[in-house]
Every structure is written in C-alpha cells, then in structure tokens.
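A.B. asks: Generate a structure from the sequence data that follows.
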Amino acid sequence: MLNQLIYTRCMPHRELKNKGQVVRADGFGVFSMSQELITNPPVPNYDFLQTRLAVQNGAKETSATGLFNSYDYTAISSKVYALSFEVARPHCKEVRKNGQGHRTGTYIKQCLVGNPGDYPFKWFGASVWDAHLKSENDYYLDENPSAEPVWLNTVQDIPNGSYVSIESVKKFVNAGRAEAVKAGIWFLLHEYAKPENERKVLLIKDIPENVELWIAAIEYAFSAEMAQKITFSTNKTKLGTQIDNILFFYTDESGKFYPMRNNSMTQIRHPYNMIVGYHPRDNFCASVKQMPTSNFVMIDGTNNMVSFATDESIKSAYYSAAVQYDADIIDFTSVVLPSLPIDMITDKIPELYDAYKYLLDSNHRVEKWTYREAIAELQSITQYGISKNDVLNKYIFDEGMRGYQRFATEDEKNNFKLLKIFWNIAKVTKRTGEVTGCLADLLSTGMMNLKVSGNTLTGTWNAIKAGEVQSIIRPALQDLFNDSELTSYSSQFENAPASVVSTVMEMYFDMLSLERNGIKSILESQAKYQFVCHALTALIDNRNALHAVLNGISISDDVINAVALSVSEHLEEYKPGKTEAWWDSIIDLSGGNVMELCRTLCKSTQTNIDMIEHLLANTILKAGKCDRDIYRAFEDSIKQLGKSKNTGIAFFNAWIKVENSSHLNNIIRNIRGNRLSSSAEKELFHLVDKQVPYESTSGKISIIFREIKEWANDIGEMSQSAALYDLRKNMERERKAEKVLSTMYEFSDLKLEIPDNYLRSQYFENLAQTAADFCDPEVHMAFLHLFDIQDIGIKQEYIKAYVDEVLNGSKGKQLAYSMLSLCEAFYYEYKIPGKKAVQVKESADMLKAYFVKTLPNHYKPNLPDQVAKANYDENQVKKMLITMLQDAAKKAPRSGLRSILGGLFGRK
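C.D. replies: Purely as a prediction, here's the structure:
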C-alpha cells in the first residue's frame, strides 16, 4: 500500500512535520495526507519531503511554456520513494465561499509515498491521480471555521489506467530515437556503478509528455525492481541559473538534509533525480550547456542528439535488444532479471543478457555450447547467486547434465569449475545426486586397478580438492569405501605408487568425516583397522606420504597408539630394517600424551629402550624443552626395559641442545644420577662441556664450573670450558707480567684446540685486551701460543685477530708502547714452554708480516716522535719501529681537506 498526500493552496492545512496538526492559515501547504504517515512514519523526519513538495515545475499561464503537468519521482530513503503528479492550474475566476478571489500561479501536487510496486512509468496517467479533478474552492473549507481536512486513504501499489504502453513506447523510439535511448541506458548503467556522490544526471530537453516516453523507453531495459531505483522529474525549471541547486542536495555526516552546499562542513552530494526533463521553450533553461566539468549530460529530444560519448560496450547485444521492445528483452527484464538475487542497477546487466541468450534461448541448446563459453556465461548468470525461478534452474540444469560428459575431461583439468556451478544449482533444485554421480564414476574406475589407473585417480582427486568440491563426492565415498571393498583396495597397496596410496587414504579419511565417530571409527571394525595399517606399512619408504596418512589419523590418540605398535610389530617381523623409520614418523606426532604413549609402547615385548629414547629425544627437540613428564617417561622406561651401552646419549644430547646454558647443572646431576655406561657418560660430558658458557661472568655460572670440574675429576676427563673460564679469571686478576705468563703457560700445556667462533667472541676480545695492557713482548708471544693450532691458515687468522685487538684497543700514547712491545716480540727469539723453536719462529714471522702490513692503517704523523721519546729500553727496537713507520707513512691513506681537493682535481 502507498500513503498519499495533497499539496496545494488551501485553508486549513495539516502540518506534515508536526503530526498532521491542523493549521488555519491561507497559503501553500499539505491539505491532507494518509494518517499512516503520522502513526507509522516510513522515514525519521519529513524535512526532505516537505522541501520537495514546495518545488514548482515552472509551468505558468503567462510564460512561453504555458501550463502543463509533470511527474517527480525521488527517493526519500533507501527503500521509500515519493512519486508526485503536479498540475498547474489556470487562474480560477470562481470566488471562494468567504467571498475572496483566487490568486494566480496555483498548482496542486498529489504525492504517493512508499514503493511503487511496478515500473514507475506505469503511473503516468494512472486513475489514482484524481486530486486535481476537484476545484480550487474544494480545498478551502470556508463554510465551517472549525472544519478539518479528512484524512486520505492509502492506495494500492499497483497502478491502473496508464496511457503509456509498450506499443506507444516502441512507436516513439522508432521515430529516430533508438540510438539516443541506447545511449541513455548506457549512461545510467555506468553512473549507477559509481558511488552516489560521484554520479552525474541525465538531462532530456523535450516537452513533459515526451520526457515521460523517454523515461518509459529507458525503464523497459531493466526489471521493475531496478527501474524503481531510477529517479526522475519530467520537468524542471531555472536550470540555466541555479542548475547545481536544482539537481543536487547535500547531507552531513549525520544524514541531515541541506538544499545547498556548505563549505564549512563535510557534506556528501546526492542527485535529486537521475533523469531530469526541461521544456525546450523554458527561457530559464535556454543557457544550459554541457561542459567537460558539468555534473550532467544531455539528450536533446528536439533533434534526438546526444551530447556525451559512449564506448565500445554499447555494441553489446543487450543495448540493441533494449530498443526492440520484443519478446527477448521483455523475457529478460520480466522473467530472468527478477529471478536473480539482485535488484540494484549494475553495469553487468549486458553480461547477464548475453548469458540469458546463450543458456536459455531455445535456439541455442547444449550441443552448441563450448566449455569455456559455458563456464563464462554460467558464472555470469550466477555471479549474484542462483536464480529464484525453478523453471529456469531446471532448464539450465537439464541442459548441463545432458551435455556434461562432453566437457568432463576438460572440466577436471580446470578443477571442476563447471560441475561446481551445476552443484550449486542442484542444491536449489534438490538434484545433487546427479552431480555426485558424475564424480563417483570417475573415482570408482580408478579404484579398480590402482597400479594402472592410480595416477588418473590422483589427478581426479587433486582436481576435486583444488576445486573445493569434496562435499559433492562425499556421499559417493561412503559407498566406495564400504567395509566389504577395503580388502580389495589394500591388496593393491604394495604394488601401487606411494602417491596413489596416499590419495586413497586421503579420500578414505575425507569419507570418515561423515561417520558418527569420525577417525575413531577405524577402531570399530577389523576391516577398517587392517586397511589403515596396510596403507601405513606400504608407505614406509616414502616419508612424506607416510606423514600425510599419519596426519590424517593424528586427531585421535587412540588410533595413533593402536597403529603405532601394530605397524611396528609387523615391520619387526617382515621389514626389520624399517622399524626405526617408522618410529621417526611416530615421533613427529608425539606432541600428545608422551607419558601414556611410552607406557603403551613399554607393554610390548618388541619394544626396547633405544626406541623409547629415540622417541623422547625427538619430543624434546620438537617441544624445545624437557619437562618433568618427559623426564619421568625416560626414567620409567629404563625401569621397565633396562639400559643398553648407549642409553642416555640421544636423550641427554637433545636436552643439552634445547636447555638454557645457565641451567646445565640440572642436566649434569641427572646424567650422573642415572649411572649410565662409562662410554656414554664420557660422551655426554664433552657434549655438556661444549655448551658451558666459559665467557660468562655471572655468579651463577661458577656453580656450573664447580660441578663440571668435579665431574671431570671423577671420570678422568679434562674440561676445556673450565680451563678457559679459569684462564680469563686468573689473567684479569694478575698485575705483573711474570705471574700472568705462568698462568698462560699452564693453560698452553693443556694443548687445547681453538674453540669454534672463538675469534669473533667477546671472550677473545676481552682476553686480548687483558694481555695487551701489559705491553710485554713475552706476554704477546705466550698469547699467540695458548692453543695447539696446527693449521697455518687458522694460525694466521688468530695472529691477525690478536694484533687488530691490540692496536685498535690502544688509545693515545699507549699506541706507541703497544707497537714497541709487538715489535720486540718478533725482534728477539723467545722460548715458549712446550713449543719447539721452529714453531715459535714461525709465529714471530707471521706476527711481523701482519704487523708490517697493517701498520699503514694505524699510522699517525706524530707516532715516530712518540716512539723516539718513549720510555722504552730497547733502542734497537725503537729504531726498527721508526723505520717501519716511515715506510708506512708512504702507504698510509690520506685524509684532510688537501687530500680531498687533490682528489677532486686529479692530483694525488
């Protein structure tokens, strides 16, 4: 139903914005309205509607246009429209009941509020427009001073009596207007694809009666629901002087209506109407001209010319059909478009028309379809959802299924794009079984001979997954994998490729998702259980495929624990060399209850401690820690299964790798407390020793060193980390060279190899600076022989790193003394305890070679003078260093402004 109201000169009138209250005053106003506008208002307020009612269409008796009638159709909210019929009245000569005369310029508007229910143009000339049939005096209740206007009835939302028919529209368009109408349709499609605040308006220059036909001609290209979105006015005036204010209004952020732009606030622009007509003889519109920046485009109805350019898309069959007004366009707009879940105007309508002609035209059956064209047109017509029309859906589905076998191979290559569309239609038509059958035939053929057809089966299943159409095939999988068929499949596993077995199991697990207990249903029958175990044993040589199947059952601890032992026992009997690989795979899934898993495994007579330890070690590495439960599982397993020669190595080695180095004392106590074999304990001692942070200076670390030393003494081993820790601590404590030399020679006697990454450690830097601070040549030489370095390259790197630390760490005058002490170190021959003279000589030569090479990098102009004046007893060394510095000066990199400018101008 539609509410109505009447706006004209009257007395009294009802206040639209004040609950219909009666106001006794002469003038333009709402004479009356449907009471529902007050009791059940369709919009929050009537500011916008009140403003629109007061806008006159520009008809005047004295103007060139004369009197005429017009229609205005505008949206007052997203789903509520106001359709007005305005009649300009001639001057009424009949006096009022109170004896007063009438003024000129009176007009009457009858307005319907709601949703028009059909094409808006069908209201042109409808019988509902009867308010103007009453005289002006009927709207002045002069006889009774207390009289009130009677509330108006609501009216049906289906129009009757329109004088616009498809025949009259067709005749109008065929009179040379077809191209202009096509352009108008094209323009509106593209404008409605834009945000509302960016849309332009279509102006039509023609008399109001013709503008009505222009509008009807355009609306016929759309469904009624879409056409209801196209607002219009068959005549506006003053476009030549106030066009922006006539065509557009504004709202602020709260949605409040403003008739004009206000630059002091944020506003959004809206068109009052998307189609606006204006009279060719209206002097107030004579200057209207479209410019590149105009917010409108124009169709001149007097010569059927269009002022805007279209593009190649206007050549679409849709635009040509739209101006034929025959069965094709009528079926499309009255049957196809309304059946689709879309009522907004979109620039995809031409695509939808093409799809309609391709798929639904009785002259274009499935025999004429090609795969790619069918995909494109089906995707187009279903892009907004499946049609609500059962007849259309049935026709498309019947045609598709009738021709699908012709497309099946290509569809599989494209991940069943076509079948997926038919599945969506089938869900609406309740014919999903037919689509499922298409896939079931493909899979069942492959399952009969996995060795020969397995790869085809895998390809089909991969296409099903890639197309995400597993839901289509699941009902058929239950028949395919019934218990009676499982043995015939599993008997083929040994000879089938691993990828094929993996595919079969993936299909099987997908089917189990429909079972009441899911994966756990594997334990409900011997056939299911043996089927899974046979698959796992068949995949033992393919780690990736094996993991894929294990991941499929990993959601059930009960299933994992059961198959873990069953498969292990089978492999121990038939493939003993594969048992470790099996447990490695089980380890990857041991993130569940490790304690329970170990208890279960320990109950088997086939399980040994090495299996359990391997599982627990990998659990530690994956978890990044050894918590109490894991350690308790290790101890419990030893109690039940005993120890072997290597027990503890794998478990504690994993723990050492993940443990914070400051907590190693806990590992040491547990290793020693388990009374492992002597060889295992010694191996673990050295693994722990490598992890002890000898460079640390924290108080906690001393506890670890105390324990590592005690452990070393008990098993007769030497701790490198403790030796390094003591070396640093003792060297930093000494203040005299002879005492620090004793400490260094004692360390050197241990003949330790240089640790990994030693030269890049903070420990090395600190220790080198401690030695350098003594400025003693023998300390330098002792430092160079701390480790037993056999590799010449490593020894050169060691000496180089030491010299760099000494020179880089020397500041001010200290640099001269550091250089002197280094020179003296290679000038004289020193005896290093435990080292042969040739070894010491080799180190001195390397020291000298690198010192000479790096000296230019540390050269300063004042260094020779500092060396000469240095309080240093070895004059021969001083002379040698001064000579070296003079040579270095020639090679030293230049610096300063003179060097920079010389480089700029080519001088060196």
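A.B. asks: ok, S502 to V549 distance?
C.D. replies: 6 Å (C-beta to C-beta, to the nearest Å). Heads up, the C-betas are built off the backbone N, CA and C, glycines and all.
A.B. asks: same check, this time on G58
C.D. replies: As for G58, its distance to V549 is 81 Å (criterion: C-beta to C-beta).
A.B. asks: likewise S721?
C.D. replies: Taken as C-beta to C-beta, the span from S721 to V549 is 45 Å.
A.B. asks: again, but for S821
C.D. replies: Separation of S821 from V549 (C-beta to C-beta): 70 Å.
A.B. asks: Neighbour count: the two, which is higher?
C.D. replies: Neighbour count, other C-beta atoms under 10 Å: between S821 and V549, V549 has more, with 25 against 21.
A.B. asks: Pull out the CA atoms of stretch 655-666 and give them to me as PDB.
C.D. replies: Extracted in PDB, the C-alpha atoms of stretch 655-666 (Å, rounded to 0.1, in the frame of the first residue of the first chain):
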ATOM      1  CA  TRP A 655      68.100 -32.000  26.300                       C
ATOM      2  CA  ILE A 656      71.500 -30.200  26.100                       C
ATOM      3  CA  LYS A 657      70.600 -28.700  22.700                       C
ATOM      4  CA  VAL A 658      67.400 -27.000  24.000                       C
ATOM      5  CA  GLU A 659      68.400 -26.100  27.500                       C
ATOM      6  CA  ASN A 660      69.500 -22.700  28.600                       C
ATOM      7  CA  SER A 661      73.200 -22.800  29.300                       C
ATOM      8  CA  SER A 662      72.800 -21.300  32.800                       C
ATOM      9  CA  HIS A 663      70.700 -24.400  33.800                       C
ATOM     10  CA  LEU A 664      73.200 -27.100  32.700                       C
ATOM     11  CA  ASN A 665      73.900 -28.000  36.200                       C
ATOM     12  CA  ASN A 666      70.500 -29.700  36.400                       C
END
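A.B. asks: buried sites along that stretch?
C.D. replies: Neighbour counts over stretch 655-666 (16 or more other C-beta atoms under 10 Å) mark W655, I656, E659, L664, N665 as buried.
A.B. asks: Helix, strand or coil: sort out the second one for me.
C.D. replies: Applying DSSP: H, G, I helix; E, B strand; the rest coil to I656 yields a three-state assignment of helix.
A.B. asks: For F249, name its beta-bridge partners.
C.D. replies: Note on F249: beta-bridge partners H270, judged by DSSP bridges.
A.B. asks: what residues are up against it?
C.D. replies: F48, F257, Y258, P259, R269, H270, Y272 (C-beta atoms under 8 Å, 6 or more residues apart in numbering).
A.B. asks: And those, which is closest to S696?
C.D. replies: Closest approach between the contacts of F249 and S696, by C-beta to C-beta: R269, at 70.6 Å.
A.B. asks: ok, now how distant is that closest one from M298?
C.D. replies: Going from R269 to M298 by C-beta to C-beta gives 19 Å.
A.B. asks: neighbour count winner among these two?
C.D. replies: Between R269 and M298, M298 has the larger neighbour count (other C-beta under 10 Å), namely 20 against 16.
A.B. asks: Could I get the pLDDT score of T579?
C.D. replies: For T579, the pLDDT comes out at 74.
A.B. asks: Just say helix, strand or coil for it.
C.D. replies: Classification of T579 using three-state DSSP returns helix.
A.B. asks: Over to the one 5 residues further on?
C.D. replies: On the three-state scheme (three-state DSSP), D584 is labelled helix.
A.B. asks: biggest separation within the contacts of F249, which pair?
C.D. replies: F48 and R269 (14.5 Å).
A.B. asks: Could you pull out the buried residues of stretch 610-623?
C.D. replies: Neighbour counts over stretch 610-623 (16+ other C-beta under 10 Å) mark M611, I612, E613, H614, L615, L616, A617, N618, T619, I620, L621 as buried.
A.B. asks: So which residues make contact with it?
C.D. replies: The contact list for stretch 610-623 (C-beta under 8 Å, 6+ apart) reads 568, 579-580, 583-584, 586-588, 590-591, 594, 597-598, 601-602, 626, 630, 633-634, 637, 641, 644, 646-648, 650-651, 653-655, 657-658.
A.B. asks: any chance of the buried residues of stretch 655-666 in JSON lines, with distance to L885 too?
C.D. replies: Formatted as JSON lines, the buried residues of stretch 655-666 follow (distance: C-beta to C-beta, whole Å):
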{"residue": "W655", "distance to L885": "56"}
{"residue": "I656", "distance to L885": "51"}
{"residue": "E659", "distance to L885": "52"}
{"residue": "L664", "distance to L885": "49"}
{"residue": "N665", "distance to L885": "52"}
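A.B. asks: Overlap of the contact sets of S502 and V549?
C.D. replies: Common neighbours of S502 and V549 (C-beta under 8 Å, 6+ apart) are L539.
A.B. asks: which parts of stretch 317-330 are buried?
C.D. replies: Going by 16+ other C-beta under 10 Å, stretch 317-330 has these buried residues: Y318, Y319, A321, A322, V323, Y325, D328, I329.
A.B. asks: What mean pLDDT does stretch 522-540 get?
C.D. replies: 92.
A.B. asks: swap in stretch 294-311?
C.D. replies: The average pLDDT within stretch 294-311 is 97.
A.B. asks: How many neighbouring residues does A870 have?
C.D. replies: Burial of A870 is recorded as 17 neighbouring residues (other C-beta under 10 Å).
A.B. asks: who touches I246 in this structure?
C.D. replies: Here I246 is in contact with K236, T237, K238, L239, Y272, V276 (C-beta under 8 Å, 6+ apart).
A.B. asks: Next, count neighbours for the first one.
C.D. replies: Meaning K236. 27.
A.B. asks: That one and V276 touch, don't they?
C.D. replies: Yes. With contact defined as C-beta atoms under 8 Å, K236 and V276 form a contacting pair (5.2 Å).
A.B. asks: Overlap in contacts, these two.
C.D. replies: Here K236 and V276 share the contacting residues I246, L247, scored by C-beta under 8 Å, 6+ apart.
A.B. asks: Wasn't S84 part of a helix?
C.D. replies: No. Using three-state DSSP, the assignment for S84 is strand, not a helix.
A.B. asks: Isn't it up against I76?
C.D. replies: No. Between S84 and I76 there is no contact under C-beta under 8 Å: 11.2 Å.
A.B. asks: So for those two, which sits in the more crowded spot?
C.D. replies: Ranked by neighbour count (other C-beta under 10 Å), S84 and I76 place S84 first, with 23 against 19.
A.B. asks: Within the helices and strands, which one has the residue of the chain positioned farthest from its centre?
C.D. replies: Distance to the chain centre peaks in the chain at G99, reaching 77.3 Å (criterion: C-alpha atoms, centre = their mean). Under DSSP states H and E, no helix or strand contains G99.
A.B. asks: What score does it have for pLDDT?
C.D. replies: On pLDDT, G99 comes in at 90.
A.B. asks: Can you tell me how far it is from D142?
C.D. replies: Using C-beta to C-beta, G99 is found at 9 Å from D142.
A.B. asks: Mutual contacts of those two, please.
C.D. replies: With C-beta under 8 Å, 6+ apart, G99 and D142 have no common neighbours.
A.B. asks: mind listing what E681 touches?
C.D. replies: By C-beta under 8 Å, 6+ apart, the neighbours of E681 are G648, I671, R672, I715.
A.B. asks: got the domain boundaries for the protein?
C.D. replies: With domains defined by automatic domain parsing, the chain comprises 3-139, 166-325, 431-589, 758-898.
A.B. asks: Now those domains in JSON lines, please, with extra columns for distance to W423.
C.D. replies: Formatted as JSON lines, the domains of the chain follow (distance: least, C-beta to C-beta, whole Å):
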{"stretch": "domain 3-139", "distance to W423": "34"}
{"stretch": "domain 166-325", "distance to W423": "27"}
{"stretch": "domain 431-589", "distance to W423": "5"}
{"stretch": "domain 758-898", "distance to W423": "62"}
